[in-house]
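In: just the structure for this:
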Amino acid sequence: MPSFTEENYLKAVYKLSEFQPGAEVSTNSVAEELQTRPASVTDMLRRLGEKGLVNYTRYRGVTLSEAGRRVALTTIRKHRLWEVFLVEHFGFHWDEVHDVAEQMEHIDSELLVRRLDEFLGFPQLDPHGDPIPTAEGVLHRPEHRLLADLRPGDQGRVVAVRNTSAPFLQYLDKVGVGLGTHIEVLDKILFDSSLEININKANRQLISAEVSRNLLLTD
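Out: Prediction:
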């Protein structure tokens, strides 16, 4: 059974390659994601490679093996189910659940996870709009578009956020954006790709390119 630290590394590699399946992830990217030293990452990736959980080539990068991918998705599944539980039954806000779920995702009980899933009514999405992997490790991601890719006149509803950090979610609360929020793009500023948007047809805001790259919309 992988340790807590090993699960965190596998989850980090999965996250960094999620939108580019099969792409090698650099040691520096993993170090930045986990806020640790590249030398420590190299040592851990070597150990994970010896266990058959990653495919690691020094100076090139790392990909998950099938076994490593299963561990990563199981960890993500537990994390997102606990986030749903904390929001729906403990009154947590969406910017408060990540750190708590980070601790709870390492509880090693398949029975508990099955009972939790059943208790919650088999949710498909977590409070940030991310899909919850099935018990078989299948992850169905709904169709969506990045707000950054929309042009003036385009519109849609927010279905997920890429950045789940507390400061980013608190910023969204401040400007009135959440899951289900209707957004219309009014203008794109050529200088820095910031966007002028209309929120729920009643609230004009100017948002940065960084914010627009972290909001996912559907028609």
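In: per-residue confidence at the residue nearest the centre of the chain?
Out: Centrality entry for the chain: nearest residue to the mean C-alpha point is Arg162, 5.5 Å, by Cα atoms, centre = their mean. Listed pLDDT for Arg162 reads 93.
In: skipping its backbone neighbours, what lies nearest it in space?
Out: Once flanking residues are discounted, Arg162 sits nearest to Asn214: 4.4 Å by Cβ to Cβ, 6 or more residues apart in numbering. Backbone N, C-alpha and C define where each C-beta goes, glycine included.
In: can you check Pro123 too?
Out: Val84 is the one closest to Pro123 (Cβ to Cβ, 6+ apart), at 5.0 Å.
In: counting contacts, what elements does whatever helix or strand that neighbour lives in pack onto?
Out: Under the criterion of DSSP states H and E, Val84 resides in helix 66-90. If you count contacts as 3 or more Cβ pairs under 8 Å, 6 or more residues apart in numbering; DSSP states H and E, helix 66-90 packs onto helix 4-17, helix 98-104, helix 110-119.
In: for the residue lying closest to Ala12 once chain neighbours are set aside, give its distance to Glu18.
Out: Of all residues not flanking Ala12 in the chain, Glu33 sits nearest, at 4.6 Å (Cβ to Cβ, 6+ apart). Distance from Glu33 to Glu18, counting by Cβ to Cβ, to the nearest Å: 12 Å.
In: those two: who's more crowded?
Out: Neighbours were counted for Glu33 and for Glu18 using other Cβ atoms under 10 Å; Glu33 has more, 17 against 14.
In: re earlier: the residue nearest to the centre of the chain: what's it in contact with?
Out: Arg213, Asn214, Leu215, Leu216 (Cβ atoms under 8 Å, 6 or more residues apart in numbering).
In: restricted to buried residues, select the residues you listed in ChimeraX.
Out: Applied in ChimeraX, the following selects the buried portion of the contacts of Arg162 according to 16 or more other Cβ atoms under 10 Å:
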select :214,215,216
